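J.: Structure, please.
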Amino acid sequence: MAAPSEYILALGTNVGDRQHNLSRAREGIARFATIVAESAILETWPILIRAQGRFLNQAVRISTTLEPQALLAEVLSLEKQIGRQKRIKNGPREIDIDIIWSSLGRVNLPNLVIPHPYNRAREWVRQFMRELKADAIDETGVSWSAIQGRSVMNVHDFTKKKAAGEKITVVTCYDFAFSRLIARTSVDAILVGDSLGNVIQGQPNTIPVSVDDMVYHGKIVRRGAPQAFIVVDMPFMSYQTSVEEALRNAGRIVKETGADAVKLEGGANIAAQVRALTESGIPVMGHLGLTPQSLLAFGGYKVQGKTTAAAQKLIDDAKLLEQSGAFAIVLEMIPAALTAQVSQSLSIPTIGIGAGEKADGQVLVLNDLLGLDPDFAPKFVRKYADLSSSVLSALENYAADVRTGKFPGEKESFS
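T.: Modelled structure (predicted):
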C-alpha cells in the first residue's frame, strides 16, 4: 500500500448557505482523506468579477494515499454532490475546491497543476498556508512564512502598510506577458513607467514618450494583471502646462487603462495639479529627487539633494505633495540619509529607487532586476536573475537545431 501524502485543499463558496456548504465540503473530504488540520474561516472579496457576493474561504490539510489525479476526481465529484453549477468563469460558486499544495512537490498534469499557479496572488491562500504549513516551500523555493503582502491593494493600504512598518514592493512593467507573471506574486503594485521610452522604445530618455504611449502600455499591463494596483506615469508636458491639461490627460489615462492612480514628477511647481487631480477623484503618486523628465535641466543622471538647500527644498516639496493629496512619493537617486528624513516627516509612504533602505518601499524596473540588459548596471539595481545569458543561450541553441535539422522533430510535428 502506498504511503500517505499530504495535501492542502482551499474551499470557497458564495452561493446559498455558505457555512453549510463549507461543512458539507469538510464532511465529504473526510470520506476519502484524513483531515489533519483546519484553518480559520475568512470572508473575502471575489476576484476579477466583483459584482457578486463575498466568499467564505477555508483550507484543510489532509493525509491520503490517493494520487493527485485520483484526488482531483474525488474533489470534482464532491463539488457536484454539493450542487456546484456551471456558470461564467470566476463567477458565483456553491463550492469551489482547489488543491493548492502537496507534499509530493510539483505536479504538472494536463488538468492539474500543484502548487496552484495563483497561490501567491491570493492573500487568503497565503494566510492559510502560514496557518497550516508555514514551513512549506512554494514553487519558487521560498518559505510560505516569508511571503507577505496584499493580493488586492487600494490607495489607503499604502499608508496603512507604512503605519504598520510593512515595506511596500513595486515593480515597473510595460507589457502583458510580464504583468501576468507579476499578478502571480505577492508584489504590492505595478508602475507603468514612462521609462518605457528607454527600455522598450530605445530612446535616450523619457522625454519623447506620449500620452498615447502610456495609454497603450497601461491597457496591456492591466489586461495581464486585472486585479493589481496599477500606477501609470503621466509623460513629459502632459500636466506641467496647466491644471486643465493635467485633468484632461489624467482622466483619459485612468478611463482608458483602468489604472488605479497616476504618477507626476515635481514638487511645488505641480502641487496645484496634484490637488486638482485628487479632488477630482484621481489618486496621485508623487516623484521627487532625480526626476527623469527634468533630465535636460539637471544636465544628466545625477544624485539630487546633496546640498543643504537642495535637501531642504526636497523635504518641503514632499510635505507639500502630501498636503496636496498625494498618497505616496517616489524618491529617486537621493542620499540615504535624506530619504530617512523625508520618510520620517511624512505620514504617506516613500518608495525608493536608488534612495537607500530607509524608504517605506522600493521600486525597480522588472527588466533591470531580471538582468535582461547586460550593458545596464547602475549602482542602485540588484539583478535577481541573469536572463540575458539565458535568452542568448536559448536563441543560439534554437538556431543550431534548425541548421542541423534537429528542430522541428517528431514531437513538434503533426501527422
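
J.: mind checking how far G361 is from I182?
T.: Per Cβ to Cβ, to the nearest Å, G361 is found 15 Å from I182. To be clear about C-beta, it is placed using only N, CA and C from the backbone, and glycine gets the same treatment.

J.: And these two? Which one has more around it.
T.: Neighbour count, other Cβ atoms under 10 Å: between G361 and I182, G361 has more, with 22 against 19.

J.: Got phi/psi on that one?
T.: The phi/psi pair for G361 (degrees, to the nearest 10) reads phi -160, psi 180.

J.: Enumerate every residue touching it.
T.: K161, K167, I168, T169, V170, D188, A328, P349, T350, I351, G352 (Cβ atoms under 8 Å, 6 or more residues apart in numbering).

J.: R26 now?
T.: Applying Cβ under 8 Å, 6+ apart, we find R26 in contact with L11, I35, E38, Q58, V60.

J.: swap the cut-off to 10 Å and go again
T.: L9, L11, I35, E38, Q58, V60 (Cβ atoms under 10 Å, 6 or more residues apart in numbering).

J.: so it, which of the three states?
T.: helix (DSSP: H, G, I helix; E, B strand; the rest coil).

J.: just I282 next, same as before
T.: Three-state call for I282 (three-state DSSP): coil.

J.: wait, it sits on V254?
T.: Yes: with contact defined as Cβ atoms under 10 Å, I282 counts as touching V254 (5.7 Å).

J.: joint contacts of these two?
T.: Counting by Cβ under 10 Å, 6+ apart, the residues touching both I282 and V254 are D260, A261, V262.

J.: Provide the secondary structure category for A10.
T.: Under three-state DSSP, A10 falls in the strand class.

J.: Return the distance of L132 relative to E38.
T.: As for L132, its distance to E38 is 8 Å (criterion: Cβ to Cβ).

J.: where do the contact lists of these two overlap?
T.: The contact sets of L132 and E38 overlap at A59, V60, R61 (Cβ under 10 Å, 6+ apart).

J.: how about JSON lines for those residues, with pLDDT added?
T.: Listed next are these as JSON lines, based on pLDDT from 0 to 100:
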{"residue": "A59", "pLDDT": "97"}
{"residue": "V60", "pLDDT": "97"}
{"residue": "R61", "pLDDT": "97"}
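
J.: By neighbour count, which of those wins?
T.: When the shared contacts of L132 and E38 are compared by neighbour count (other Cβ under 10 Å), A59 ends up highest, at 27 neighbours.

J.: what about it, helix or strand, and which?
T.: Element membership for A59, per DSSP states H and E: strand 55-64.

J.: now for whichever helix or strand comes after that strand, which elements pack on it?
T.: Using DSSP H and E, the next helix or strand after strand 55-64 towards the C-terminus is helix 68-82. Counting contacts by 3 or more Cβ pairs under 10 Å, 6 or more residues apart in numbering; DSSP states H and E, helix 68-82 packs against strand 5-13, helix 18-29, strand 55-64, strand 96-102, strand 107-109, strand 112-114.

J.: Quick check on the spatially most central residue of the chain: phi, psi?
T.: The chain has V187 as the residue nearest its centroid, 4.0 Å off, counting by Cα atoms, centre = their mean. The phi and psi values for V187, taken as degrees, to the nearest 10, are phi -60, psi 140.

J.: Would you map out the domains in the protein?
T.: Domains of the chain are assigned by automatic domain parsing as 5-146, 155-387.

J.: ok so, going back, can I get the shared contacts of L132 and E38 in JSON lines including distance to L42?
T.: Below are these laid out as JSON lines (distance: Cβ to Cβ, whole Å):
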{"residue": "A59", "distance to L42": "9"}
{"residue": "V60", "distance to L42": "14"}
{"residue": "R61", "distance to L42": "16"}
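
J.: just the residues you listed now: which is nearest D386?
T.: Distances from D386 to the shared contacts of L132 and E38, taken as Cβ to Cβ, are shortest for A59 (36.2 Å).

J.: Would you map the helices across this protein?
T.: Secondary structure of the chain (DSSP state H): helices at 18-29, 68-82, 123-133, 155-163, 176-182, 196-199, 211-224, 243-257, 271-279, 295-298, 308-324, 336-345, 366-369, 387-404.

J.: buried ones in the strand holding A59?
T.: For strand 55-64, the neighbour count (16 or more other Cβ atoms under 10 Å) marks F55, L56, N57, Q58, A59, V60, R61, I62, T64 as buried.

J.: Could you pull up the contacting residues of the last one?
T.: In this case it means T64. Under the criterion of Cβ under 10 Å, 6+ apart, the neighbours of T64 are 2, 4-7, 29, 32-35, 70-71, 74.

J.: try the first one
T.: F55 makes contact with 11-15, 18, 42-47, 92-93, 96, 124 under the criterion Cβ under 10 Å, 6+ apart.

J.: between the residues you listed, which is nearest V155?
T.: Once Cβ to Cβ is applied, the member of the contacts of F55 that ends up nearest V155 is W45, at 15.8 Å.

J.: Understood, closing this out.
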